[in-house]
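In: Need a 3D model of the following:
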Amino acid sequence: MSADAKEAFGVYVHWPFCLSKCPYCDFNSHVRHAPIDEFRFARAFEREIETTAARTPGREVTSIFLGGGTPSLMQPQTVGAILNAIARHWRLAGDVEVTLEANPTSVEATRFRGYRDAGVNRVSLGVQALEDASLKALGRLHTAREALDAVAIARSVFDRYSFDLIYARPDQTPQMWEDELKLAVAEAAEHLSLYQLTIEPETPFFGLHAAGKLKIPDEAVARALYDVTQDVCAKLGLPSYEISNHARPGAECKHNLVYWRGQEYAGIGPGAHGRLDIDGIRHAIATEKRPETWLMRVEAQGHGVTSDELLNSEERADEYLLMGLRLAEGIDPVRYRALSGRALDPRRIEILRDEGAITVDPDGRVRVTMQGFPVLDAVVADLAA
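Out: Numbers count the residues shown, from 1 in each chain. Predicted structure coming up:
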């Protein structure tokens, strides 16, 4: 059975609140100075889960991901109520992966045991840097020491944990990044998510960058930093299984593989996205982004859905290409043809192979090479044309 063939079904739950907004972040996250009515939000999550499950009966949930925002601001009983609702309305796989994103502060780390008791079995910590000046520049509220202490608590509570780092930060050299990465791999055990800093529109960093007050490494240095990332992680036993994600073989994040393999997932909560197969048709679903508006919509109608589009075969195939080529395992052209109704152009495959951007396995699987990953968008556009 190919890696694509195993049926997976994920549930993504979005907790939209943060203590402060990081200057690089363009996610749907909101700061509220009044206390959040967690009980009311938990009821709304339960309601939206019930409504979504009624549209997708009989599914077995293989992974759950509580993302945000900052889910570790939730009380463990709120997390428990959400997980219980998922278990009530769908079947849970025996080896279901339940990930919660957490900030690596001592306050939130004290809740880890409560989350474990509620059913969480994997945490993903937003460390972002292991160096204090960078953390301050990134608007993070923790120190490197605090982050490593939180990682140690995670290690003692959970069998599986991961953390994120951002690289290509202002003034970062390849040597500095190599040293930081070696420390990270030693601390991470099985999984790391390593993202290149990108300047996103409508973030504070965008304005600073446009005004010349924030300088990030140029293309050549960014490429060198990317190469260091691949090199160090591979040598230390955490090869990349996706363009920004590294794991020991077998320790990949099951939930993220659902997205990249083009499988089904429900999106629950403010600003969540889902991909659901209903009566044989793929639906692309999105919910209301503003938390309080989402809450009122769910209370009034059972869900916060604001858009529910049917994807045609070409759109499904394009998504499969776009997401699947991010993975080291690549894509199966047979599945692409089944989705789109047409085969990939053999001439384009040949040209990209000659350029060293892709390889083709004996069984036909198409994979992007290490040289191809930095120009992935161009490779995808070429194959999709």
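
In: So what's the residue count around residue 351?
Out: Counted by other C-beta atoms under 10 Å, the residues lying close to residue 351 total 13. From N, CA and C alone the C-beta is placed, and that goes for glycine too.

In: in what helix or strand does it lie?
Out: Residue 351 is part of helix 346-354, with elements assigned from DSSP states H and E.

In: Can you tell me what sits against that helix?
Out: Residues outside helix 346-354 that contact it (C-beta atoms under 8 Å, 6 or more residues apart in numbering): 358, 359, 360, 366, 372, 379, 382, 383, 385.

In: now do stretch 188-205
Out: Under the criterion C-beta under 8 Å, 6+ apart, residues 23-26, 124, 151, 155, 160-169, 181, 184-185, 206, 209, 214, 216, 222, 225-226, 229, 233, 238, 244-248, 251-253 lie in contact with stretch 188-205.

In: among those, which ones are buried?
Out: 24-25, 124, 151, 160-169, 181, 184-185, 206, 214, 216, 222, 225-226, 229, 233, 238, 244-247, 251-253 (16 or more other C-beta atoms under 10 Å).

In: mind listing which of the residues you listed are in strands?
Out: Within these, residues falling in strands by DSSP state E are 124, 160, 161, 162, 163, 164, 165, 166, 167, 245, 246, 247.

In: Can you lay out those as TSV showing distance to residue 306?
Out: Formatted as TSV, these follow (distance: C-beta to C-beta, whole Å):
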residue	distance to residue 306
124	27
160	34
161	34
162	31
163	33
164	28
165	33
166	30
167	35
245	29
246	35
247	34
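
In: farthest pair in those?
Out: 160 and 167 (23.2 Å; C-beta to C-beta).

In: circling back to that earlier point, go through the ones in strands among the buried ones among the contacts of stretch 188-205 and name the one nearest residue 262.
Out: Ranked by distance to residue 262 (C-beta to C-beta), these are led by residue 245 at 16.6 Å.

In: in the sheet, who's paired with that closest one?
Out: On the basis of DSSP bridges, residue 245 takes part in beta bridges with residue 193, residue 242.

In: Can you give me the pLDDT of it?
Out: Looking at residue 245, its pLDDT is 97.

In: Report the contact partners of residue 309.
Out: Contacts here follow C-beta under 8 Å, 6+ apart; on that basis residue 309 touches 283, 284, 285.

In: ok, the second one to residue 372 distance?
Out: What that stands for is residue 284. Plainly put, residue 284 is 27 Å away from residue 372 if you go by C-beta to C-beta, to the nearest Å.

In: same thing with the first one?
Out: Residue 283 sits 32 Å away from residue 372 when distances are taken as C-beta to C-beta.

In: circling back to that earlier point, could you turn the buried ones of the contacts of helix 346-354 into a PyMOL selection?
Out: PyMOL command restricting the contacts of helix 346-354 to the buried ones, with burial defined by 16+ other C-beta under 10 Å:
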select buried, resi 358+360+366+372+379+382+383
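
In: Could you point out which of the contacts of helix 346-354 is nearest to residue 33?
Out: residue 379 (45.6 Å).

In: Buried ones in stretch 295-310, by neighbour count?
Out: Of the residues in stretch 295-310, those buried (16+ other C-beta under 10 Å) are 295, 297, 298, 303, 304, 305.

In: Narrow the residues you listed to those in strands?
Out: Short answer: the buried residues of stretch 295-310 in strands (DSSP E) are residue 305.

In: those strands in the stretch 51-200 of the chain, which residues are they?
Out: 60-68, 91-102, 122-128, 160-167, 191-196 (DSSP state E, counting those that start in this stretch).
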